[in-house]
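Trainee: Predicted model and sequence below, questions to follow.
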Amino acid sequence: MSISDLQNASSNALERNFNRIKLFLQDKSWMRKRNRYLTKTIENIKNDLQGNGYKHKELNEYIAASVITHALDAWSYFGRAISALLLGDTFISKHLLYYSELRSAMSILAAQGVGVFDDTHFYIKTKDRCYPIRRKGRTHSFVWQAIDYWINNLDSVNDIFKIINPENIPLENWIDNFGIPPGMKNVIIKNWLKSIGFDLQIFEVDRNARNEVSYRPTTINKNFDLDYFKVLENIISCWKLCEPKTNYGLPKVDEILISNFFYIAFKQSGKRSIKQAPIKFGKRLKQTLESIGMPNERKEYWVNLICDVNRFENVRDIFDYIKIKNISDVNFIFGMLYRALFLLRISVAFCEYLIKSNSINKEDLEFWWAEIGYTYGLWNDHSSLEYFSDLWEDISFELDTLNDIINETSSADTSQYDIYNSSHISTAKLSSFERVHLWSIGL
């Protein structure tokens with residue numbers, strides 16, 4: 001019994017199934033309305049496995065549609081985790097962040113042609129055929145093992161290069177032109193993937209840890225020593241990383257990634273940080289931007305961004321949080337925040353890739369996203385919404401207001417009560433990360 005069945009999964013076959021979904025969008029549905037697995041999914045799969053056999057095409061279509069819909073649910077969990085943090089409740093936030101990471105991972109696996117269904121999972125082999133994976137295991141256990149197998153044994157590095165393209169320039173071009181050798185390139189990407197999958201690993205291996213955040217009564221022995229000022233700072237940081245560019249995307253997250261990859265590679269090649277050798281680093285960065293054909297005005301932006309010492313410190317802080325492995329550490333929650341955010345970045349990058357490669361547009365999915373907006377309170381009327389990035393204006397206003405309150409008070413005087421009950425701040429909007437999903441998937 002081996003999880004190596006995953007090597008038979010075909011992302012190309014998944015893409016062909018995603019293309020087939022376009023036929024159903026005309027009927028305002030992700031799948032054919034008579035798809036056997038549209039409702040009572042797990043029950044019907046189990047019955048079919050015991051009876052006359054499962055429906056290959058219909059299961060394939062379900063897996064293809066789940067790439068984008070799992071990702072949306074992951075953003076919802078992330079937003080609810082932010083809401084819990086605004087109340088100062090790290091226990092509930094950890095629980096919700098873990099489920100955000102789990103759903104992001106399920107979206108990523110679906111993009112590889114792998115469907116996760118309770119204790120029986122499937123891989124898509126061809127457009128019209130899928131097969132059960134011999135490795136049994138409930139969702140929590142299987143998802144980590146599958147993600148770990150993707151990182152270590154499949155084409156994870158090239159997958160990342162395929163889907164992340166800052167400034168419409170493939171990530172691989174950035175890294176290659178910075179002079180990072182192939183071996184180091186693979187190690188850097190895989191180490192990053194493993195670091196952001198840490199919670200999936202620890203909560204799969206250590207059930208006590210998962211039970212602690214999911215099932216134990218939190219106020220019996222709860223630690224209230226959380227620095228609420230730091231909570232607000234990191235919530236603001238997460239939102240700023242999600243700021244869209246003109247129409248769509250998550251460019252700020254990609255900027256963090258590239259900055260960190262360059263900082264790591266520079267230090268490993270010369271054993272010195274950019275703070276110790278700023279001139280040498282700046283020269284190497286400028287050569288890189290020239291080699292990839294960066295326009296002059298954008299070249300200046302990137303040089304100022306990555307060479308800035310404050311920027312270096314900010315990136316280091318984020319990745320220092322990510323490295324925290326002790327769940328009882330008071331700052332562990334911030335590591336979970338950024339690990340969840342980076343997993344979300346990968347999942348929506350796959351969403352964007354599938355949408356663009358299949359020429360699906362905003363109007364094709366209006367039946368879906370319009371309902372999302374009404375359900376999650378993003379709008380009362382969507383008819384005047386030209387770009388989903390327009391939804392950033394609400395958040396920008398909230399962040400400015402929150403910053404004003406923080407700047408007017410000391411860290412010791414900033415309390416959960418004041419923030420959560422302020423008539424000037426909408427905690428509902430600050431928790432509404434569903435809007436990020438809409439502006440990040442390429443519609």
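Mentor: Looks like it came in fine.

Trainee: Next, the residue nearest the centre of the chain: secondary structure please.
Mentor: Central residue of the chain (C-alpha atoms, centre = their mean): Leu344, 0.7 Å from the mean position. Recorded secondary structure, Leu344: helix (DSSP: H, G, I helix; E, B strand; the rest coil).

Trainee: What separation is there between the residue nearest to it when sequence neighbours are not counted and Ala64?
Mentor: Leaving out its chain neighbours, the residue that sits closest to Leu344 by C-beta to C-beta, 6 or more residues apart in numbering is Ser104, at 5.2 Å. For glycine as for every other residue, the C-beta is placed from the backbone atoms N, C-alpha and C. To Ala64, Ser104 is 17 Å away according to C-beta to C-beta, to the nearest Å.

Trainee: neighbour-wise, which of those two wins?
Mentor: Ser104 (32 against 26; other C-beta atoms under 10 Å).

Trainee: where along the chain do the strands fall?
Mentor: Assignment of strands within the chain using DSSP state E yields the ranges 114-115, 122-126, 129-132.

Trainee: how about TSV for those, with mean pLDDT added?
Mentor: What follows is the strands of the chain, written out as TSV (pLDDT from 0 to 100):
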stretch	mean pLDDT
strand 114-115	96
strand 122-126	96
strand 129-132	95
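
Trainee: Give me the below-cutoff pLDDT ranges for the stretch 151-300 of the chain.
Mentor: 204-225, 247-248 (pLDDT under 70).

Trainee: In contact with Ile147, which residues?
Mentor: Going by C-beta atoms under 8 Å, 6 or more residues apart in numbering, Ile147 touches 105, 108-109, 197, 200.

Trainee: what pLDDT does it get?
Mentor: We have a pLDDT of 96 for Ile147.

Trainee: how far away is it from Asp308?
Mentor: For Ile147, the distance to Asp308 - C-beta to C-beta - is 34 Å.

Trainee: for Asn44, same thing?
Mentor: Taken as C-beta to C-beta, the span from Asn44 to Asp308 is 55 Å.

Trainee: Counting neighbours, go ahead and name the busier of these two.
Mentor: Between Asn44 and Asp308, counting by other C-beta under 10 Å, Asn44 is the more crowded of the two (18 against 15).

Trainee: pLDDT averaged over stretch 28-41, what's the number?
Mentor: Rounded mean pLDDT across stretch 28-41 is 93.

Trainee: Buried ones in that stretch, by neighbour count?
Mentor: 30-32, 35-38, 41 (16 or more other C-beta atoms under 10 Å).

Trainee: From these, pick the one nearest Pro251.
Mentor: Trp30 (28.0 Å; C-beta to C-beta).

Trainee: Was I right to think that closest one contacts His70?
Mentor: No. Counting by C-beta atoms under 8 Å, Trp30 does not reach His70; the two are 11.8 Å apart.

Trainee: so Tyr131 touches His121, yeah?
Mentor: No. Judged on C-beta under 8 Å, Tyr131 makes no contact with His121 at a distance of 10.1 Å.

Trainee: higher neighbour count, those two?
Mentor: For the pair Tyr131 and His121, the greater number of neighbours falls to His121 (24 against 16), based on other C-beta under 10 Å.

Trainee: dump the residue contacts of the closest residue to Leu102 other than its chain neighbours.
Mentor: Spatial nearest neighbour of Leu102, chain neighbours left out: Val143 (6.0 Å); criterion: C-beta to C-beta, 6+ apart. Val143 is in contact with 102, 105-106, 109, 116, 200, 204, counting by C-beta under 8 Å, 6+ apart.

Trainee: do that again at 7 Å, thanks
Mentor: Residues near Val143 by C-beta atoms under 7 Å, 6 or more residues apart in numbering: 102, 105-106, 109, 116, 200.

Trainee: now Glu398
Mentor: 425-426, 429-430.

Trainee: again, only this time at 6 Å
Mentor: By C-beta atoms under 6 Å, 6 or more residues apart in numbering, the residues touching Glu398 are 426, 429-430.

Trainee: and what of Tyr77?
Mentor: Neighbours of Tyr77 in contact, by C-beta under 6 Å, 6+ apart: 96, 99-100.

Trainee: Do you know the pLDDT at it?
Mentor: The model's pLDDT for Tyr77 equals 98.

Trainee: What of Ser389?
Mentor: 93.

Trainee: next one: the one 3 residues further on
Mentor: What the model reports as pLDDT for Trp392 is 95.
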